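**Q** predicted model and sequence follow; I will ask about them next.
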Amino acid sequence: MKLLMIEDNKSVSEMMAMFFKKEKWDAHFAYDGNEAVDMFKAEADSWDMVTLDLNLPGKDGMQVSADIRKVSPTVPIIMLTARDSESDQVLGLEMGADDYVTKPFSPITLIARIKALHRRADFSKTAPSEPTDDAISDFDVQTDHFKLNTKTREAYLAGTPIQDLTPKEFDLLKTLAQKPRQVFSREQLLQLVWDYEYYGDERTVDAHIKKLRQKIEKAGPQIIQTVWGVGYKFDDSGVEAK
């Protein structure tokens, strides 16, 4: 794994460097926002993971996240935030981060989060195209108007690819689509989509749903519906066949 850690505290970076070395990861470090964006852009296609502190000199973490997402819509990003900054956590997720870890954190916890996100990430650099007849049988989830392939991390709505899904957005879409019209509470989605004990509040789900919907709408009608007071469901029954 080639990882970029963006962290202005050099003591934290030095500590994590030892853990990354033990995992045999190719870790690189940036200490301010402008340096981080330049480093990422210089080798944009090569990064497998980014950890991002929100409080950075030069350019804050929110803007760094937004700049990275302009270059790579899918590279996994884990934010590092203060424990009491819930609004920053939600805003960071809306700006494109996949997950967050609160400070102070255990190195073992961060390593576990990185591994969990990396396992589920799609590192294919090829944009999805129209599914071929030979590929139809490879879809893990199929409804009347929706198809999803876990191996290739591709999803199609009425034959149109839903592009640039982050790992968590893909997993969230898959979880909902596997059981059409079943309503999932936010607590259930936190348990099902995040495959470790998760301490985030329910707004984490709302932030991911918001970004997921924006990407779905570029492909076709909205298929993620809100059930007020309960949660969310997948329903493509209103999609017109092409």
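**A** Structure's in. What do you need?
**Q** burial count for the nearest residue to residue 202 once chain neighbours are set aside?
**A** Nearest in space to residue 202, with sequence neighbours left out and distances taken as CB to CB, 6 or more residues apart in numbering, is residue 186 at 3.9 Å. Any C-beta I mention is one placed from the backbone N, CA and C, and that applies to glycine too. Residue 186 sits with 17 neighbouring residues when counted by other CB atoms under 10 Å.
**Q** go on, residue 174?
**A** By the criterion of other CB under 10 Å, residue 174 has 21 neighbours.
**Q** do residue 181 as well
**A** Neighbour count for residue 181, taken as other CB under 10 Å: 12.
**Q** isn't it right up against residue 233?
**A** Yes - if you go by CB atoms under 8 Å, residue 181 and residue 233 touch, sitting 5.7 Å apart.
**Q** following the helix or strand bottoming out on mean pLDDT in the chain in sequence, what is the next regular element?
**A** Ranked by mean pLDDT, DSSP states H and E, the weakest helix or strand in the chain is helix 86-94, scoring a mean of 72. Counting by DSSP states H and E, the next helix or strand C-terminal to helix 86-94 is strand 99-103.
**Q** now do that next one: which elements does it pack against?
**A** Where contact means 3 or more CB pairs under 8 Å, 6 or more residues apart in numbering; DSSP states H and E, strand 99-103 is packed against strand 77-82, helix 86-94, helix 107-120.
**Q** so where's the chain uncertain?
**A** 83-87, 121-137, 195-201, 241-242 (pLDDT under 70).
**Q** quick check: domain ranges of it?
**A** Here the domain assignment for the chain is 2-120, 133-234, based on automatic domain parsing.
**Q** leaving out the residues flanking it, which one is nearest to the most centrally placed residue in the chain?
**A** Nearest to the geometric centre of the chain sits residue 98, at 3.3 Å (CA atoms, centre = their mean). Excluding the flanking residues, the one nearest residue 98 by CB to CB, 6+ apart is residue 168, at 4.6 Å.
**Q** look up how far residue 15 lies from the one you found.
**A** Using CB to CB, to the nearest Å, one gets 26 Å for the distance from residue 168 to residue 15.
**Q** of the two, give the one with the bigger neighbour count.
**A** residue 168 (25 against 12).
**Q** roughly how far does that one sit from residue 194?
**A** Relative to residue 194, residue 168 is positioned 8 Å away (CB to CB).
**Q** mind listing the shared neighbours of these two?
**A** residue 99 (CB atoms under 8 Å, 6 or more residues apart in numbering).
**Q** where do the strands sit along this structure?
**A** For the chain, strands defined by DSSP state E occupy the ranges 2-6, 26-30, 49-53, 77-82, 99-103, 141-142, 146-149, 154-157, 160-161, 184-185, 224-227, 231-234.
**Q** need these in CSV with distance to residue 66 and mean neighbour count, can you?
**A** What follows is these, written out as CSV (distance: least, CB to CB, whole Å; neighbours: other CB atoms under 10 Å):
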stretch, distance to residue 66, mean neighbour count
strand 2-6, 13, 22
strand 26-30, 16, 19
strand 49-53, 11, 24
strand 77-82, 11, 23
strand 99-103, 16, 20
strand 141-142, 31, 16
strand 146-149, 27, 21
strand 154-157, 24, 24
strand 160-161, 23, 16
strand 184-185, 29, 18
strand 224-227, 23, 15
strand 231-234, 25, 21
